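Participant: Got a predicted model here, sequence first, then my questions.
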Amino acid sequence: MLTMTLRACALALPMAVAFPVSAQDSRPSVTATSPDGSIALTVSTDNDSRPVWSLSRKGKLLIAPSKLGFILTDGLNMVRGFAIAGSEKGSGKDRWEQPWGERRFVTDNHNELLVRFKQSDVQGARLMNVRFRLFDDGVGFRYELPKQPGLKTMRIADETTEFDIAPEGTAWWIPGGEWNRYEQVYQKTPIDAVSTAHTPITMRLTDGTHLSFHEAALVDYAGYWLKRADGRKFRTTLAPSSQAARVTRNLPFNTPWRTIRIADDAAGLVENDLELNLNEPNKLGDVSWFTPAKYIGIWWGMIRGDWSWAEGPKHGATTERTKQYIDFAAKNGFRGVLVEGWDKGWNGDWFGHGDDFSYTQATPDFDLPALAVYARQKGVRLIGHHETGGNIANYEAQLDEAMALYGRLGVDVVKTGYVADAGGIIAPGDAPGETRMEWHDGQRMAQHHLKVVETAARNHVAVNAHEPIKDTGLRRTYPNWVGREGARGMEYNAWGAFANGPDHEPTLVYTRMLSGPMDFTPGVLSLEGAQKAPLASTLAKQLGLYLALYSPIQMAADFIETLAKYPKELAFIRQVPADWSESHLVAGEVGDYAIFARKDRNSDDWYVGGVNDATARTVALTFDQLEPGRAYTATIYKDGDGATYLTDARHRIAYETRTIRKGDRYDLWLAPGGGAAIRLTPQR
């Protein structure tokens, strides 16, 4: 029976894993373990003098010997002829504070191994270091290319980094390199049926061990896709570039970290800060000017087709309508109002073009300066919008002026967009007027996104990127990078019945959400898209989304007229925080359901809730996270009797108020496509 008790992992003494003679031969190797000894690493070379690494956990082989190295476009590959020239060990232990996040404090406890490889003279005598960090719940490693006389610039065609997964298991994944970027429905297959996958990719092995493969600190480098080579052997393959080399870097430099979260269960996978710990500390200093908050917006009407981004009689972004949304936000406690389509350039075919966008000139029916003042007078802020149509050449040319304008007006959050098919980014070339076509997750876009984030930070503007490069924990280093899309969001529900199936959000929790906050845009209380297309959701599930899919900026996406028709649900959305001091997955399984307990950072309130798939289930909650001896008033929003996403019964919701104490049991029924939300307020 599921409870809200946090589970402790059973630890094992460190055990060595012996290689077959054919794999290791008599070549020297170096080893390291995680702080608790449960994870053991071995680094060596194989019979062809190729660097290899392997990993075991609790005495069982997890990653069989897997190769390391690079393929170059202009020289001998850095694959063969290597020997270990030396190694260094270290450790680190720290507890650091997030300015905002799922939890206030993060613990970093790791052991480290740096292995120095040198190629033979006939192979070029090049140097390549690999740094491993082992945590009790995962591992990260990166290449570090030191300054050296024989290599000034690396032009990387691809990596040969391998992950040879020893046990069998199941994977949840989306294909990499497809036209719709990350906006796909997750597949559930055996591990050896994966083709080429975006990361994070989540796996559950036959013994119950949970894995998530991803990367951390993606800076000035191409994002990688995980490509199956044979059986359960995978390797990284870098996102393409318009140039022959997928990555070009001058030495010295470090690659991003390649990461594996490792846990006994789903909760251990979710409550894991591996990628954050592998990023550098905050480079921006005080970012108290960013306030985690909820917002509404002139958006859902455009997505559904009721209004238009383009100018004309259906134009959504008008001064009059924006004032109505500002007034509603002020009355109902929403800090932000997002306005899309306020600027010039939306007329005509902008998808994948974006040549005509201006980021400083408004349409004739939208008074940006006056509305910014009007909002501030009401305690509300406009949320800016910069859609590029994938044309970063046009955007970068206006970037400084655009961010400075928002800074002057007090528009302190901007939603950026890169709506173009994969491979359709228009980037500036070397000569004036020249452009090149790039990928959303290539090196050029990694450079671009940081340029946007750094420029925004100088003007005290936070960035919420849509159609982005994937999140790799850089919010630690640049804490004004507050949200991204990077998955199939709520907007798909506007375009067809059950467009996102009932298991979509319970899968996102254990896949996409492992990379960082997502601007999913919940809160469609009508449960209808265009032409009354039904959502695969109950009304209670719309509230549970605020607890299941974390973001420091949370939208109530529906029309304000619709939100007003649901005063009880609106009250919960108004109250639920966007910033937490603690977060725990207290019940759930990958792709099935997810129930969280989260504590408000600014009060003693707790919130419990989440989302379910198509299978009705009852979850037993015991509220073990509450303070002992204290009574709490529980305001409960749950699926009503007979609720199901399949019929009009999706609107059935039940309300309950009761007193709860630590250890009390509450049986929570979740409908097919359902969910729940509970607010727990301490009684005086």
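Facilitator: On my side now, so go ahead. Everything quoted here is computed from the prediction, not taken from an experiment.

Participant: for the stretch 501-650 of the chain, which spans come out with low pLDDT?
Facilitator: Filtered on pLDDT under 70, the stretch 501-650 of the chain yields no residues whatsoever.

Participant: repeat for the stretch 351-500 of the chain
Facilitator: Nowhere does the stretch 351-500 of the chain drop to pLDDT under 70.

Participant: Assign Ala649 to helix, strand or coil.
Facilitator: Using DSSP: H, G, I helix; E, B strand; the rest coil, the structure places Ala649 in helix.

Participant: Would you quantify the distance from it to Tyr566?
Facilitator: When distance is defined by C-beta to C-beta, to the nearest Å, Ala649 is 16 Å away from Tyr566. C-beta coordinates here come from the backbone N, C-alpha and C atoms, glycine included.

Participant: And those two? Which one has more around it.
Facilitator: When Ala649 and Tyr566 are compared on other C-beta atoms under 10 Å, the one with more neighbours turns out to be Tyr566, at 20 against 16.

Participant: Arg475 contacts Asn464, correct?
Facilitator: No: using C-beta atoms under 8 Å, Arg475 is not in contact with Asn464, being 11.2 Å away.

Participant: what about stretch 240-249, average pLDDT?
Facilitator: Averaged over stretch 240-249, pLDDT sits at 97.

Participant: and that stretch, how far from the chain's centre?
Facilitator: 25 Å (C-alpha atoms, centre = their mean, to the nearest Å).

Participant: likewise stretch 562-577?
Facilitator: Taking C-alpha atoms, centre = their mean, one finds stretch 562-577 lying 26 Å from the centre of the chain it belongs to.

Participant: Show me the strands in the stretch 301-450 of the chain, by range?
Facilitator: Under the criterion DSSP state E, counting those that start in this stretch, strands of the stretch 301-450 of the chain are mapped to 336-339, 381-387, 413-417, 425-428, 435-438.

Participant: For Lys532, which of those is the nearest?
Facilitator: strand 336-339 (24.5 Å; C-beta to C-beta).

Participant: Outside of the closest one itself, which residues are in contact with it?
Facilitator: By C-beta atoms under 8 Å, 6 or more residues apart in numbering, the surrounding residues in contact with strand 336-339 are 293-299, 317, 322, 325-326, 329, 366, 371, 375, 380-385, 413, 415, 553, 555.

Participant: Ser127: neighbour count?
Facilitator: That one is not Ser; residue 127 is Leu. 22.

Participant: ok, the residue lying closest to it once chain neighbours are set aside - contacts?
Facilitator: Leaving aside its chain neighbours, Leu127 sits nearest to Gln148 (4.9 Å; criterion: C-beta to C-beta, 6 or more residues apart in numbering). If you count contacts by C-beta under 8 Å, 6+ apart, Gln148 has them with 126-127, 251.

Participant: so can I have JSON lines of these showing secondary structure and distance to Leu621?
Facilitator: Formatted as JSON lines, the contacts of Gln148 follow (DSSP: H, G, I helix; E, B strand; the rest coil; distance: C-beta to C-beta, whole Å):
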{"residue": "Arg126", "secondary structure": "coil", "distance to Leu621": "57"}
{"residue": "Leu127", "secondary structure": "strand", "distance to Leu621": "55"}
{"residue": "Leu251", "secondary structure": "coil", "distance to Leu621": "55"}
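
Participant: Which of these sits closest to Phe70?
Facilitator: Arg126 (9.6 Å).

Participant: check contacts around the nearest residue to that closest one once chain neighbours are set aside.
Facilitator: Closest residue to Arg126 apart from its sequence neighbours, by C-beta to C-beta, 6+ apart: Gln119 at 4.8 Å. Applying C-beta under 8 Å, 6+ apart, we find Gln119 in contact with 78, 80-82, 125-128.

Participant: For those residues, give me JSON lines that also has pLDDT.
Facilitator: Supplementary listing: the contacts of Gln119 in JSON lines, determined by pLDDT from 0 to 100:
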{"residue": "Met78", "pLDDT": "98"}
{"residue": "Arg80", "pLDDT": "97"}
{"residue": "Gly81", "pLDDT": "97"}
{"residue": "Phe82", "pLDDT": "98"}
{"residue": "Ala125", "pLDDT": "96"}
{"residue": "Arg126", "pLDDT": "98"}
{"residue": "Leu127", "pLDDT": "98"}
{"residue": "Met128", "pLDDT": "98"}
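
Participant: among those residues, who's most crowded?
Facilitator: Greatest neighbour count in those, by other C-beta under 10 Å, goes to Met78: 27 neighbours.
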